[in-house]
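**Student:** Show me how the following folds:
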Amino acid sequence: MGRKKNVIIYIGVTAVVYLVFKYIMPLAAPFIIAFLLAAGLNGQMRFLSGRLRFKRSIAAVVLMVFWGGIIAAVLWLLGGLLITQIKNVIDNYELYYAYINDGMCSFCAGVDGFMGFDGGTTLAYIDSGIVGIMEATRDKIMPSIMGGSIGALKGFITFSGVFVIFFMALYFFLKDYDKMLERAAASEYAQEFDFFYTRTGKIIYTFIKTQLIIMGITMVICGVGLLWLRNPYWLLLGIVLGLVDALPVFGTGTILTPWAVVSVLCGKYRYAAVLMAMCFISYLSREYLEPRLMGKGLGAHPLGMLAAVYIGLVLFGVLGVITGPLAFILIKELINYIRQRQATV
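**Tutor:** Down below sits the predicted model:
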């Protein structure tokens, strides 16, 4: 009976978390993000309102203007450069395609010779797969492109409204953060509040903060290394490597190691050495910072987090890379909470 009860609890908790992330989270996202930012900035709010005697309403505006200005300045400085690099990749598509195609042809010819296949067998098989992917992508993308102008206008209006609501929510959360926590702790739902905020909320907040910090450091390390190598796409590739490094199990080595091997084969030994140095420094940074920023950690095996990313991608799309691990953490904490409550009954 105990096992059946546990299975029911696992299934029930998983179903509830899925429904929350699928249907409620998109609606509440501006408020959740605003609350998380307010929690992160609350120390600065207390400094401005306590030490410098600012009114909390004024302190909230000061912080929003200060950090908003910094973010806007960074986007203004790097945004144009990033767009230029993306445009250059698109403009040079045929050149890169020819380069990759030549390498693919040589590789497929080697496979044919090694396996004893007729010439062109492997290449034809790969080409058929690529053509199928391109056709499927075209069938999905073209309908949305046809109605793109109206959809883009609606999307812009919706985004503008959500953006305004987000800033208003951030202002109110910053201004009344401490009062809201006091009221919640004194309410009849104090025990549930303690679980969702003190335990689960802080774990999720710490997880997001840790990943963002390490991701940013990795982007800087890889971007600076590629800039030193005079790679024309140093900013774009630095961002991509930072995003890949945030994925469980993968890391920057999944891209930099093969790249370094190819560089060695092409006789670019200095280039390969810098790439491996970037990989090594990024790895050391994550290994050093993650346990210190996360504290005791999540208690989750990397394979479990990888599965959470995969399931998140399947269920939630691209955002599943983030929501998958968060849902996994929430399920894990909810099950532990239910077990604790059962043990005390």
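**Student:** for this structure, where's the lowest mean pLDDT among helices and strands?
**Tutor:** One helix or strand of the chain scores below all others by mean pLDDT, DSSP states H and E: helix 121-146, with a mean of 56.
**Student:** what element comes up after that one heading to the C-terminus?
**Tutor:** Next in sequence after helix 121-146, counting helices and strands by DSSP states H and E, comes helix 148-186.
**Student:** Go through that next one and flag the buried ones.
**Tutor:** 166, 169-177 (16 or more other C-beta atoms under 10 Å). Every C-beta, even on glycine, is put in place using the N, C-alpha and C of the backbone.
**Student:** From the chain's centroid, how far away is that helix?
**Tutor:** The gap between where helix 148-186 is centred and where its chain is centred comes out at 21 Å by C-alpha atoms, centre = their mean, to the nearest Å.
**Student:** which of the buried residues of helix 148-186 lies closest to residue 291?
**Tutor:** residue 177 (28.5 Å; C-beta to C-beta).
**Student:** From residue 75, how far off is the closest one?
**Tutor:** Per C-beta to C-beta, to the nearest Å, residue 177 is found 26 Å from residue 75.
**Student:** what does residue 185 give?
**Tutor:** Residue 185 is 38 Å from residue 75, by C-beta to C-beta.
**Student:** can you check residue 93 too?
**Tutor:** To residue 75, residue 93 is 26 Å away according to C-beta to C-beta.
**Student:** Run through the stretch 51-200 of the chain and note the low-pLDDT ranges.
**Tutor:** For the stretch 51-200 of the chain, applying pLDDT under 70 flags the ranges 96-104, 106-107, 110-111, 114, 117-153, 155.
**Student:** same thing but 80
**Tutor:** 89-159, 185, 187-200 (pLDDT under 80).
**Student:** Would you map the helices across this structure?
**Tutor:** Ranges of helices in the chain, per DSSP state H, are 2-19, 25-46, 56-91, 93-115, 121-146, 148-186, 190-193, 202-228, 234-245, 253-265, 269-294, 302-316, 320-344.
**Student:** Could you tell me the angle between the first one and helix 302-316?
**Tutor:** Relative orientation of helix 2-19 versus helix 302-316 (axes from the mean of the first three to the mean of the last three C-alpha atoms, to 10 degrees): 50 degrees.
**Student:** before we move on, the earlier item: just name the most buried of the helices of the chain.
**Tutor:** Looking across the helices of the chain with neighbours counted as mean count of other C-beta atoms under 10 Å, the highest average goes to helix 234-245: a mean of 20.
**Student:** Show me what that one is packed against.
**Tutor:** Helix 234-245 makes packing contacts with helix 56-91, helix 202-228, helix 253-265, helix 269-294 when contacts are defined by 3 or more C-beta pairs under 8 Å, 6 or more residues apart in numbering; DSSP states H and E.
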